[in-house]
Every structure is written in structure tokens, then in C-alpha cells.
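J.: Give me a 3D structure for the following:
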Amino acid sequence: MIGAACALYAVRAGLDVVVVDRGPVAGGTTGAGEGNLLVSDKEPGPELELALLSSRLWREITEGRHPDKGRPPGRRFGRAVDSRAVDARAIEYEPKGGLVVASTPEALTALTALAAGQRAAGVDAVPVAADQLLELEPYLAPGLAGGVLYPQDAQVMPTLAAAHLLRASGARVETGRTVTGVLRGDDGAVRGVRTERGDLLAPAVVNAAGTWGAEVAALAGVSLPVLPRRGFVLVTEPLPRRVRHKVYSADYVADVASDAAGLQTSPVVEGTAAGPVLIGASRERVGFDRSFSLPVVRALAAGATRLFPFLEHVRAMRAYSGFRPYLPDHLPAIGPDPRAPGLFHACGHEGAGIGLATGTGLLISQTLTGKAPDLDLAPFRPDRFAEEAAP
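T.: Next comes the predicted model:
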């Protein structure tokens, strides 16, 4: 998804783009995501600023608006650039809003404080009293202390979204082609990439490899400490729409911000346009272990039924897992790498990559073309970890 968004905005900025992927489109972390476009789970700071920018850009993409709309459609590699809107229905874009609920008065106090800071940063966060929760979600469990409604939260089907953004970009897409090296000249500047099917020469290379971003960085001779953080999603049978918003426990925000390597679960429940209900969320650092874990899936089911008791009688169709690209300070790496001129990074978004993709893509395109970025990139500097490790 990040690579697709970078391609979209880079082509719109007038650049020729080749997207190289060792697998199929969305064959990695993107295809294992829920498709969340969230502002609700971000604390005030750089990531929330990026989420707000991305939220606006997702709306613009589905409405057919973009920063250089006045520029006539061009051609890239002999292909017409599609400057039309990405069909919201085709990518299952739903601006349905998010509802964060607190089970205790103490949790509600903490959630209310977080929402106040988010409002000051530009988030639309609406307090919801305990007796109003069932008006928003009639099937919620009784006895909850209250919550906060986030109208800006939305959802897409990530595999479809990545494919449609790539199509709309007009970029050349090389799937099933593995990057085996990053080419650098005598002056240290990046000259392109080496693949098993030959070299691709370019004055700029964008590392949008997600959870495998550390491997691509190493090919260029630089360090980027991206680690995999495994998560499972439980998928129910198709249902009539009973869950109207993305609904999750206030504990989820703390889990997202945690540095713990051990298993953490907090209930996250949302309906989809296709009918199934998606149930999360779990986090654990176990390397690239894809083993199925029945205890984790049971914990997800238990958390979901605590929020929505009707789910106890619903069949689960399947469960799948994926690896979030985790960086130690929970901020992605976005922008040029001064250690390898011509190398740009756009990875390490952890579980927020789908939502943050559009903002990341725009920022990368702006830096590639020498424009002032819409956000300060200093907090996202790819070499910030090298500075911390220096004596």
C-alpha cells in the first residue's frame, strides 16, 4: 500500500516510476491488514499530524481531487496516467467513523483526556455518554462506562485499494521480481537497483518494503531497525450489518503504543461492506513466525464477545496473520537517507500503514521533486536511530 501511494503521487508530480515487488500486489503485510484509516488511536504528535493529512488525502482520492489536478493527464512508459478518482466502492472505502468504548470509569477518564488532546490537534472527537452508546451501536454489551465517537475514522479493503491506486498511478509495475541489491556509484549516491532479471537504473530508490524494510536498507549499506510484530485477524461468516462503526476498547490505544514483546490483545470489532465481521487485535514480537496460535485466536474471540455478545453465536470462517513493520519509537521512516544520497525510505508504519499511506506518498513525492513537504519530516528521519546508537 505504501509503495502504491508513493507511485501515485510521484507520477502525479511528473516522475517516471517503476514499482518492483518480489511477490504479487498486496502479497505481504498489506494483504493481511484490516484496512483501517484511523485518527482515533493516535496521540497528539507527528503521527497524528500524518494521520490527519492522510485522512484528507483519502477523501480527495475517492472524490477525484488531488494537488495537481489542473495538470493534464500525461503518459508514463507509454501508458496513459489515470487522473480520475479511485472508485470508493471498488476499494470498499467507508467513512463510517470509529467508536472507542471504556469499560470502567477510570478507563473513560483516560480516554476523555486523550480525546481532549486530539481535539486540540484538529481531530473531531465527540464524547458519548453510557446511555447513548446503544443509539450508535445497538448490539453493544450493556454496562459500559461511555466512549468517544471519531467521525473521521474510515476503512478500505486494503488489497483492492493497493491494486486500484497502482492502476490509477500509471506506474510500471514489476511483480515477481526480487531486488537483490541497491546500486551505488563511486560517490556513494544511489544509481538504481539490481534484480535477478537485470538492473533498473534510477536516480532515486524508495524503500517501501514494509516489514522487510530493514533488508532493503541493508542492501544499500545502511541500518534501519524495522522488526516484525505479528498480529491475527479473525473473520466471521457474512452477516447483515450489525456493527456500524469500527468499535474498539480504550485499552487498544495503550497496546498500540506499547514496546512489550509479549502477547497483547485488546478487542477490535468492525463490519465490512462484504458482510463478514473482522475481529482483532493482537500484537507480539515473534520474528517471522507464521505459526497459527489457537490461544491468540481464542483471546480475540473472547474480547469480541465481551463487546458484542451476539457474536458468541456467529461462526468464524477463518483467521489469518500478518507482520506489522515495527520501529522502536513507533514512528515510520519517511524521507531521504543522508547516508546514501538518492535513497528514500517509506516504511515502519507498524499497524497504521494503510491509513498513513496517502500522506506518506505525498511527502515522498514532494521530497523527490524538491518541494517543501506539507509536514516537518524531522521526526521521521530514517537515520535517527543511527544517531541514538552513536557513542
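
J.: how much space between R384 and L48?
T.: Per C-beta to C-beta, to the nearest Å, R384 is found 18 Å from L48. Glycine gets a C-beta too; all of them are placed from N, C-alpha and C.

J.: One more: P203?
T.: 33 Å.

J.: now Y248
T.: To L48, Y248 is 17 Å away according to C-beta to C-beta.

J.: who's more crowded, those two?
T.: Y248 (27 against 19; other C-beta atoms under 10 Å).

J.: Surely that one is in contact with T265?
T.: No. If you go by C-beta atoms under 8 Å, Y248 and T265 don't touch, sitting 11.5 Å apart.

J.: what touches both of the two?
T.: Shared contacts of Y248 and T265 (C-beta atoms under 8 Å, 6 or more residues apart in numbering): A281.

J.: Excluding covalently adjacent residues, which one is nearest to V128?
T.: The shortest distance from V128 to any non-neighbouring residue, by C-beta to C-beta, 6 or more residues apart in numbering, is to G147 (4.5 Å).

J.: let me redo that: N36
T.: Nearest residue to N36, sequence neighbours excluded (C-beta to C-beta, 6+ apart): G355, at 5.6 Å.

J.: Restrict whatever helix or strand that neighbour lives in to CA atoms and write it as PDB.
T.: Element membership of G355 [criterion: DSSP states H and E] is helix 353-368. Taking Å, rounded to 0.1, in the frame of the first residue of the first chain, the C-alpha atoms of helix 353-368 are listed here in PDB:
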ATOM      1  CA  GLY A 353       0.300   1.800   7.100                       C
ATOM      2  CA  ILE A 354      -2.900   1.500   5.200                       C
ATOM      3  CA  GLY A 355      -4.200   4.700   6.800                       C
ATOM      4  CA  LEU A 356      -0.900   6.600   6.600                       C
ATOM      5  CA  ALA A 357      -0.100   5.600   3.000                       C
ATOM      6  CA  THR A 358      -1.600   8.600   1.200                       C
ATOM      7  CA  GLY A 359       0.200  11.200   3.400                       C
ATOM      8  CA  THR A 360       3.400   9.200   3.100                       C
ATOM      9  CA  GLY A 361       3.100   9.000  -0.600                       C
ATOM     10  CA  LEU A 362       2.600  12.800  -0.900                       C
ATOM     11  CA  LEU A 363       5.500  13.600   1.400                       C
ATOM     12  CA  ILE A 364       7.800  11.300  -0.600                       C
ATOM     13  CA  SER A 365       6.800  12.800  -3.900                       C
ATOM     14  CA  GLN A 366       7.400  16.300  -2.500                       C
ATOM     15  CA  THR A 367      10.900  15.400  -1.400                       C
ATOM     16  CA  LEU A 368      11.700  13.600  -4.600                       C
END
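
J.: ok, the residue nearest to V128 to L108 distance?
T.: Counting by C-beta to C-beta, the gap from G147 to L108 is 8 Å.

J.: So for those two, which residue has more residues nearby?
T.: Comparing G147 with L108 by other C-beta under 10 Å, the one with more neighbours is G147, at 31 against 23.

J.: three-state assignment of S40?
T.: Under DSSP: H, G, I helix; E, B strand; the rest coil, S40 falls in the coil class.

J.: isn't it right next to V100, touching?
T.: Yes. The criterion here is C-beta under 8 Å, and S40 meets it with V100 at 5.7 Å.

J.: and for these two, which residues touch both?
T.: Common neighbours of S40 and V100, using C-beta under 8 Å, 6+ apart, are V148, Y150.

J.: Which elements pack onto the longest helix anywhere in the chain?
T.: Ranked by number of residues, the top helix in the chain under DSSP state H is helix 46-63. Judged by 3 or more C-beta pairs under 8 Å, 6 or more residues apart in numbering; DSSP states H and E, helix 46-63 is in contact with strand 36-37, helix 353-368.

J.: change it to 6 Å
T.: If you count contacts as 3 or more C-beta pairs under 6 Å, 6 or more residues apart in numbering; DSSP states H and E, helix 46-63 packs onto helix 353-368.

J.: which residues touch the helix it packs on?
T.: 1-2, 5-6, 8-10, 13, 33, 35-38, 50, 53-54, 57-58, 158, 204, 334-336, 344, 346, 349, 373 (C-beta atoms under 6 Å, 6 or more residues apart in numbering).

J.: Let me see the ranges of the helices in the stretch 101-250 of the chain.
T.: Using DSSP state H, counting those that start in this stretch, the helices of the stretch 101-250 of the chain run over 105-120, 133-136, 158-169, 213-219.

J.: Put together CSV for these, with mean pLDDT and distance to P276 on each row.
T.: Converted to CSV, those look like this (pLDDT from 0 to 100; distance: least, C-beta to C-beta, whole Å):
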stretch, mean pLDDT, distance to P276
helix 105-120, 96, 28
helix 133-136, 97, 21
helix 158-169, 96, 14
helix 213-219, 97, 30
